[in-house]
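Trainee: coords below, sequence missing:
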């Protein structure tokens, strides 16, 4: 190493994006709008979307084989879309159970099964890193959402949306990603007088689909490219902010 190896200024690379959200909101459609996407499905949910896709991966080894194909064969795909991360986690757990000859990952005891699963997650992220660095492919990880209780040391505990992954895996995957985006419907509440001094909160909304790009008490999110707190659920809207002049797509 020498000073000649120092890199100056921005070093744009393809983005690593996790989009998670409620059922049927359009997460897969968002991935299909990415540049030249190829889907690696772990659940059966893209049959109505006009997109290139590997066959459904029903085992962890089949999933890795698809990533190896992208790594070793010539192709023009620019984005790999994993649909979905939480169903991939099921394949990982099944692989861990097979290795340890148990029926359920909980049977391994002392939560060791989830620790063993992190090794497979490391393998997945390393493979995706290779596609990003050697094949210049962006990565889109799709996940469903769950509501979890968050124990904030500074306040009372409260519920929030987060990706539907085991807590240990979720932390690792979120840290790896450049963006963690929460897809939901725009919702407002209004207060209605019930009489006798009682009010009731009523949820209303237009059905507008949005991406929340910054963390708030109600949801997990982050971004490294200066996204607004909230944008439309549309790849073109995301790209307008994420890919400035000279940035990698």
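Mentor: On my side now, so go ahead. What you see is a predicted model; the values in this text were computed from it and never measured. Numbering: from 1, shown residues only.

Trainee: contacts, neighbours, all on C-alpha from now
Mentor: OK.

Trainee: residue 129 and residue 157: what is the separation?
Mentor: 35 Å (Cα to Cα, to the nearest Å).

Trainee: the two - which one has more neighbours?
Mentor: Between residue 129 and residue 157, counting by other Cα atoms under 10 Å, residue 129 is the more crowded of the two (18 against 11).

Trainee: counting contacts, what elements does the helix or strand containing that one pack onto?
Mentor: If you go by DSSP states H and E, residue 129 is part of helix 112-134. Helix 112-134 sits against helix 60-72, helix 85-100, strand 138-150, helix 167-176, with contacts defined as 3 or more Cα pairs under 8 Å, 6 or more residues apart in numbering; DSSP states H and E.

Trainee: quick one: residue 170 and residue 177 touch, right?
Mentor: No. Using Cα atoms under 8 Å, residue 170 is not in contact with residue 177; the gap is 10.6 Å.

Trainee: what touches both of these two?
Mentor: Shared contacts of residue 170 and residue 177, defined by Cα atoms under 8 Å, 6 or more residues apart in numbering, are absent.

Trainee: low-confidence stretches in the protein?
Mentor: 1, 9, 11, 187-206, 244-249 (pLDDT under 70).

Trainee: could you report the neighbour count for residue 24?
Mentor: 11.

Trainee: likewise residue 93?
Mentor: The criterion is other Cα under 10 Å. On that basis, residue 93 has 23 neighbouring residues.

Trainee: I'd assumed residue 117 was in contact with it.
Mentor: Yes. Taking contacts as Cα under 8 Å, residue 93 lies within contact range of residue 117: 6.4 Å.

Trainee: and the angle from the helix or strand containing residue 80 to helix 112-134?
Mentor: Secondary structure here is read from DSSP H and E; on that basis residue 80 sits in strand 79-83. Taking axes from the mean of the first three to the mean of the last three Cα atoms, to 10 degrees, one finds that strand 79-83 is oriented at 160 degrees with respect to helix 112-134.

Trainee: look up phi and psi at residue 41.
Mentor: Recorded main-chain torsions at residue 41 are phi -80, psi 140, according to degrees, to the nearest 10.

Trainee: need the nearest residue in space to it, chain neighbours excluded.
Mentor: If you skip the residues right next to it in sequence, residue 41 has residue 83 as its closest partner in space, 4.8 Å away by Cα to Cα, 6 or more residues apart in numbering.

Trainee: contacting residues around the one you found?
Mentor: Going by Cα under 8 Å, 6+ apart, residue 83 touches 28, 39-43, 141-143.

Trainee: what's the ChimeraX syntax to select whichever of the residues you listed are buried?
Mentor: In ChimeraX syntax, the buried subset of these is picked out as below (16 or more other Cα atoms under 10 Å):
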select :28,39,40,41,42,43,141,142,143
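
Trainee: nearest to residue 13 among the contacts of residue 83?
Mentor: Using Cα to Cα, residue 141 is the member of the contacts of residue 83 that sits closest to residue 13, with 16.5 Å.
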